[in-house]
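A.B. asks: quick check, what structure comes out for this input:
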Amino acid sequence: MKNWNYTRLIALSIFICSCSKSEENTPIESMYFPANNSSIWETKTTTELGWNENEVQPLLDYLELKNSKSFIVLHNGKIVMEYYFNGHNDNSSWYWASAGKTLTTAVTGIAEEEGHININDKVSDYIGTGWTSLPLAKENLITCKHLLTMTSGLDDSINGIDSASLQYIADAGTRWAYHGVFFKLQDVISQATNQTWNNYFNTKLKNPIGMSGLWLQTVTENVYWSNTRSMARFGLLALNNGNWNGTQIINQNFFTQSINTSQNINLSYGYLWWLNGKSSYHLPSTQFEFNGSIIPSGPNDMFMALGKNDQKIYVIPSRKIVIIRMGNAADNETAALSDFDEVLWQKINAVINP
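C.D. replies: All right, here's what the predicted structure looks like:
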């Protein structure tokens, strides 16, 4: 009996070792990056991933019902789903709205890495004093980092980023409020690099990752427009921690900081990125603190670029997934966040979690 058990133990050990070697020898799919200046983008199927094909159509029906124009899902860089609605197509441009804030974050990180700026410096070091209507002592409290984290202390009830519109409500760093003043970072970078914002952006971010698109200036903001695949390219850069096919576009330490809690007031906010899975969050235009995660049905490690009328970049590192949604407001809402996110994620989960 002892000999039989010993023999069985040896056989089991051999089996375990062979399985381990087999797993070690199983190739891990490397991150795919589409070539610049090419319409070719490799794909994979939901079947290959073991996703629930039967739930794809209900997801698409919901997206179309909710005024979507485009929807892309990437897994490890490859396109799994790409759909267009309501006359939109892969060449059509659409606005990113506040989802484009994260483009400014990225370029800020690049400018700091190149030694042009330091985000801990006060804004007036770069664009001069008098850029707000605040007393000089209060204005000089505002650093570039405060603009990245929405903690400038400026009055968010007043629209506009001219000096007369930028009025004091609290000391910088003591209050979180969603405010368009972050656009001043583009002026900071332009002054610090002695280049136009567009030129620096194109040279350092847009061209290296093969994006299309352009910035269009309105009265109060600078809005980025592009096709949906360009938004997906930026999402893929974010999924890969600021690295594009072996080239570190955004300093990795800066990028990591940007997708983690940046201050102790709104735990769900990084450097203009929204963060899921935190214990509480604030929404634009309110000082109320909500308990729980922003999107309860969404993955806890998800970070997001969210824009007016439901422009979305969802990045989920644990699943190697990027999801893009462009379109009109799902429910006549205009805020960066709405109930649409929660219902949409319930339907996405039905596909990716069979």
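
A.B. asks: so V315 belongs to a strand, correct?
C.D. replies: Yes. Counting by DSSP: H, G, I helix; E, B strand; the rest coil, V315 is located in a strand.

A.B. asks: how far away is it from N309?
C.D. replies: According to CB to CB, to the nearest Å, V315 and N309 sit 20 Å apart. Using the backbone N, CA and C atoms, a C-beta is placed for each residue, glycine as well.

A.B. asks: the more surrounded of these two?
C.D. replies: Here V315 and N309 are compared on neighbour count by other CB atoms under 10 Å; more neighbours surround V315, at 27 against 20.

A.B. asks: next, the contact list for that one, please.
C.D. replies: Listed by CB atoms under 8 Å, 6 or more residues apart in numbering, the contact set of V315 reads 235, 238-239, 302-304, 321-322.

A.B. asks: kindly indicate which of those residues lies nearest L59.
C.D. replies: I321 (13.9 Å; CB to CB).

A.B. asks: give me phi/psi at that closest one?
C.D. replies: Backbone torsions for I321, taken as degrees, to the nearest 10, come to phi -120, psi 140.

A.B. asks: dig out what the residue lying closest to it once chain neighbours are set aside forms beta bridges with.
C.D. replies: The spatial neighbour of I321 that comes closest, neighbours along the chain excluded (CB to CB, 6 or more residues apart in numbering), is H75 at 5.7 Å. Counting by DSSP bridges, H75 is bridged to K78, I321.

A.B. asks: right, and the helix or strand after the helix or strand bottoming out on mean pLDDT in the chain?
C.D. replies: Averaged element by element with mean pLDDT, DSSP states H and E, the chain has its least confident helix or strand at helix 2-25 (a mean of 40). On the C-terminal side of helix 2-25, the closest following helix or strand by DSSP states H and E is helix 46-49.

A.B. asks: and I249, what's its pLDDT?
C.D. replies: The per-residue pLDDT reported for I249 equals 98.

A.B. asks: for it, give its distance to T102.
C.D. replies: 13 Å.

A.B. asks: higher neighbour count, the two?
C.D. replies: For I249 and T102, the more surrounded residue by other CB under 10 Å is T102, and the numbers stand at 27 against 22.

A.B. asks: pLDDT weak spots in the stretch 251-354 of the chain?
C.D. replies: Scanning the stretch 251-354 of the chain for pLDDT under 70 picks out 333-338.

A.B. asks: off-centre distance for the helix or strand containing R233?
C.D. replies: If you go by DSSP H and E, R233 is part of helix 228-239. On the basis of CA atoms, centre = their mean, to the nearest Å, helix 228-239 sits 9 Å off its chain's mean C-alpha point.

A.B. asks: same check on stretch 123-131?
C.D. replies: Offset of stretch 123-131 from its chain centre (CA atoms, centre = their mean): 28 Å.

A.B. asks: what about it, start to end distance?
C.D. replies: Start-to-end span of stretch 123-131 (CA to CA, to the nearest Å) is 9 Å.

A.B. asks: what about D310, distance to N198?
C.D. replies: From D310 across to N198, the span is 27 Å (CB to CB).

A.B. asks: comparing those two, which residue is more hemmed in?
C.D. replies: A direct count of neighbours by other CB under 10 Å for D310 and N198 places D310 higher, at 27 against 15.

A.B. asks: and the residue nearest in space to the middle of the chain, helix, strand or coil?
C.D. replies: Central residue of the chain (CA atoms, centre = their mean): A305, 3.6 Å from the mean position. What three-state DSSP gives for A305 is strand.

A.B. asks: and V351, by the same measure?
C.D. replies: Put simply, V351 is helix when judged by three-state DSSP.

A.B. asks: burial of the residue nearest to I321, as a residue count?
C.D. replies: H75 has 23 neighbouring residues, counting by other CB under 10 Å.

A.B. asks: doesn't L60 make contact with Y83?
C.D. replies: Yes. The criterion here is CB atoms under 8 Å, and Y83 meets it with L60 at 5.9 Å.

A.B. asks: show me what contacts K184?
C.D. replies: So K184 contacts 123, 127, 131, 147, 161 (CB under 8 Å, 6+ apart).

A.B. asks: make a markdown table out of the residues you listed and add pLDDT and neighbour count.
C.D. replies: What follows is those, written out as a markdown table (pLDDT from 0 to 100; neighbours: other CB atoms under 10 Å):
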| residue | pLDDT | neighbour count |
| --- | --- | --- |
| V123 | 98 | 26 |
| I127 | 98 | 16 |
| W131 | 98 | 20 |
| L147 | 98 | 25 |
| I161 | 94 | 21 |
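
A.B. asks: tell me where the stretch 51-200 of the chain has helices.
C.D. replies: Secondary structure of the stretch 51-200 of the chain, counting by DSSP state H, counting those that start in this stretch: helices at 56-65, 101-113, 124-127, 136-139, 144-149, 184-193, 197-201.

A.B. asks: distance to P34 added to those, as a markdown table?
C.D. replies: Formatted as a markdown table, the helices of the stretch 51-200 of the chain follow (distance: least, CB to CB, whole Å):
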| stretch | distance to P34 |
| --- | --- |
| helix 56-65 | 22 |
| helix 101-113 | 18 |
| helix 124-127 | 35 |
| helix 136-139 | 44 |
| helix 144-149 | 29 |
| helix 184-193 | 27 |
| helix 197-201 | 20 |
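
A.B. asks: lovely, talk soon.
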